[in-house]
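Peer 1: My questions are about this predicted structure, shown below with the sequence.
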Amino acid sequence: MKIIKITAMWCPSCLIVNDLITDLVNETNFELISYDYDLDQDIISKYNIDTILPVLIKIDENGNEIKRIKGEHSKKEILEFIEG
């Protein structure tokens, strides 16, 4: 399973979620692909990302979106998103 994480340097919620995601990557088995909102405009357009950040997108082995969450979430909520 793969999770796409879209964050920005100017986003306080993104900084919090980055730490939580780092912990979860070490604790669980998923591939994390990170993009920057300001630098990766092709990905931002492809996944139709607005300005509510961070965005986590769960994708299948073919690269199709399964589901997404936006905004700041607790570690428990992120884990439920990843495992659900």
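Peer 2: Here it is on my side, so go on.

Peer 1: Check which helices and strands the helix-or-strand element of the chain with minimal mean pLDDT is in contact with.
Peer 2: Every helix and strand in the chain was compared by mean pLDDT, DSSP states H and E; the lowest is helix 12-27, with a mean of 91. Contacting helix 12-27 under the criterion 3 or more Cβ pairs under 8 Å, 6 or more residues apart in numbering; DSSP states H and E are the following elements: strand 2-7, helix 75-83. To be clear about C-beta, it is placed using only N, CA and C from the backbone, and glycine gets the same treatment.

Peer 1: possible to save these as JSON lines with mean pLDDT, mean neighbour count and distance to Tyr37?
Peer 2: Shown next, in JSON lines, are these (pLDDT from 0 to 100; neighbours: other Cβ atoms under 10 Å; distance: least, Cβ to Cβ, whole Å):
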{"stretch": "strand 2-7", "mean pLDDT": "96", "mean neighbour count": "20", "distance to Tyr37": "6"}
{"stretch": "helix 75-83", "mean pLDDT": "93", "mean neighbour count": "15", "distance to Tyr37": "18"}
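
Peer 1: of all these, which lies closest to Thr28?
Peer 2: helix 75-83 (6.5 Å; Cβ to Cβ).

Peer 1: Just list what that closest one packs against, helices and strands only.
Peer 2: helix 12-27, strand 55-59, strand 65-70.

Peer 1: right, so of those, which gets closest to Ile78?
Peer 2: helix 12-27 (5.8 Å).

Peer 1: what's that closest one in contact with?
Peer 2: Contacts of helix 12-27 with the rest of the structure, by Cβ atoms under 8 Å, 6 or more residues apart in numbering, involve 3, 5, 7-8, 30, 32, 53-54, 56, 71-75, 78-79, 82.

Peer 1: May I see the buried residues of the helix or strand following that helix?
Peer 2: Next along the chain after helix 12-27, taking DSSP states H and E as the criterion, comes strand 31-36. Neighbour counts over strand 31-36 (16 or more other Cβ atoms under 10 Å) mark Tyr35 as buried.
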